[in-house]
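1. A structural model of the following input is requested.
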Amino acid sequence: MRNACGSKLVMKAAVLARAQPIAARPLQIEEVPKPQAQAGHVVLRVRACGVCRTDLHITEGELPPRLQPLIPGHQIVGEIVDGAANGLAPGARVGVSWMGGADGTCFYCRRGMENLCDAPIFTGYTVNGGYAEYALARADFVFPLPPELDDLQAAPLLCAGIIGFRSLRVAGVEQGDRVGLFGFGASAHLAIAVLRAWKCDVYVATRGESHRHLAASLGATWVGTENDKPPVELDRAVTFAPSGDVVVTALSSLRRGGVVAINAIHLDRIPQFDYDSLLWGERQIRSVANMTRDDARDFLRIAAEINLRPKTTIFPLEQANEALLAVKNDAIDGAAVLIV
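-> Presented below is the predicted three-dimensional model:
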């Protein structure tokens, strides 16, 4: 359908009517109204959209529904087709991430902690996202993308990369540290590139054999299964699996004064553990919540500087369910990316 000027009024999108197990193929490819320009926003023609484990948590209902029906997707590479953003005119290539907006006035925003905003906007969760031909985004929450990165390389950086980078910050990683990565999916395989650039020794524990091969190929000092313990005490650790058991495993690998950062928006539970042997000695457990625009800008700059090239597997939009199923089953190395 087109208006009198010939512009499309509808678009193709993968729509979630209600949360269900991904095996039930809950995303339906439909024609829906194309987003229209509004004050403070830009309309993007989606060029690629990364597939994140958080999308899976939303689709399967592990995160409570916030908008129904919903178009998921929050790692959007798009071209501005209407509106302007921070001096970026139509035709500019930009990225959109999970943090799609903040109120700017709450306690946290006033103190530079917009990732903890009292009234946040989450792309592909509280508002429609990028599993579609077009997407609407707040103009002050889009980021110009380095020309060195093509669409498929840029998409996974916009959440998996940024949140992995924030996890390293939350863990307090310093140059030359011994750092453990527990789980090695889309986020960890990008974090290791930053750690290698910072001359850190990286120890990877993960259940998938192909993930272990990937970690070794990307320069990990040591690689083991999820049940193996690194051969040295770690300064810092980041957990990427949504499993509380992994948190305890990571904690047991730390030196005194070490930090575990939990990179998960959803966790099954943390089992009971012994305080004296695992937490005492000023070891810390910290959670990673969302990201800030500074995280995004800093990471994208570093990604360009170190020539970061994510490993990606491409799916057409019509196979959004298959892409999420592959993420759930750890069936791909690196990151999944949808193209329209």
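
2. hey, let's count contacts and neighbours off CA atoms from now on
-> Will do.

3. centre of the chain versus the helix or strand hosting T249, how much separation?
-> Taking DSSP states H and E as the criterion, T249 maps to helix 244-251. Mean-position distance between helix 244-251 and its chain equals 21 Å (Cα atoms, centre = their mean, to the nearest Å).

4. mind giving me the packing neighbours of it?
-> Contacting helix 244-251 under the criterion 3 or more Cα pairs under 8 Å, 6 or more residues apart in numbering; DSSP states H and E are the following elements: strand 178-182, strand 234-239, strand 254-262.

5. is it true that R45 lies in a helix?
-> No. Note on R45: no helix contains this position according to DSSP: H, G, I helix; E, B strand; the rest coil, which reports strand.

6. what's in contact with the helix or strand bottoming out on mean pLDDT in the chain?
-> Each helix and strand of the chain was given a mean pLDDT (mean pLDDT, DSSP states H and E); the minimum falls on helix 275-278 at a mean of 91. Counting contacts by Cα atoms under 8 Å, 6 or more residues apart in numbering, the residues outside helix 275-278 that touch it are L251, S252.

7. what do you get if the cut-off is 6 Å, keeping everything else the same?
-> When contacts are defined by Cα atoms under 6 Å, 6 or more residues apart in numbering, helix 275-278 is touched by residues S252.

8. repeat for stretch 318-325
-> Defining contact as Cα under 6 Å, 6+ apart, one finds that stretch 318-325 is touched by R25.

9. C-alpha coordinates for it, CSV please?
-> Below are the C-alpha coordinates for stretch 318-325, written out as CSV (Å, rounded to 0.1, in the frame of the first residue of the first chain):
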residue,chain,number,x,y,z
GLU,A,318,11.8,-14.8,7.2
GLN,A,319,14.0,-17.1,9.3
ALA,A,320,13.9,-15.1,12.5
ASN,A,321,12.6,-18.0,14.4
GLU,A,322,15.4,-20.3,13.1
ALA,A,323,18.0,-17.6,14.1
LEU,A,324,16.7,-17.5,17.6
LEU,A,325,16.5,-21.3,17.8
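
10. mind listing what's buried in that stretch?
-> Buried residues in stretch 318-325, counted by 16 or more other Cα atoms under 10 Å: E318, Q319, A320, N321, E322, A323, L324, L325.

11. centre of the chain to it, how far?
-> For stretch 318-325, the separation from the chain centroid amounts to 17 Å (computed by Cα atoms, centre = their mean).

12. ok so, going back, just the ones of the buried residues of stretch 318-325 in helices?
-> Among those, the ones falling in helices (DSSP state H) are A320, N321, E322, A323, L324, L325.

13. by how many degrees do the helix holding T249 and strand 254-262 diverge?
-> Between the axis of helix 244-251 and that of strand 254-262 there is an angle of 150 degrees, by axes from the mean of the first three to the mean of the last three Cα atoms, to 10 degrees.

14. low-confidence ranges in the stretch 1-150 of the chain?
-> Counting by pLDDT under 70, the stretch 1-150 of the chain contains low-confidence residues at 1-7.

15. so which residues of the chain form helices?
-> Secondary structure of the chain (DSSP H): helices located at 53-59, 107-110, 151-154, 160-171, 188-197, 209-217, 244-251, 275-278, 293-305, 320-328.

16. quick one: end-to-end distance for stretch 119-136.
-> As for stretch 119-136, its first-to-last residue distance stands at 18 Å under the measure Cα to Cα, to the nearest Å.

17. make 549 the starting number, not 1.
-> Right, with 549 as the first residue, what we last looked at is stretch 667-684.

18. number of residues surrounding A683?
-> Counted with other Cα atoms under 10 Å, residues neighbouring A683 total 29.

19. how close does it sit to S645?
-> When Cα to Cα is the yardstick, A683 and S645 sit 12 Å from each other.

20. and L604, by the same measure?
-> Distance, L604 to S645, by Cα to Cα: 16 Å.

21. that concludes my questions; thank you for your assistance.
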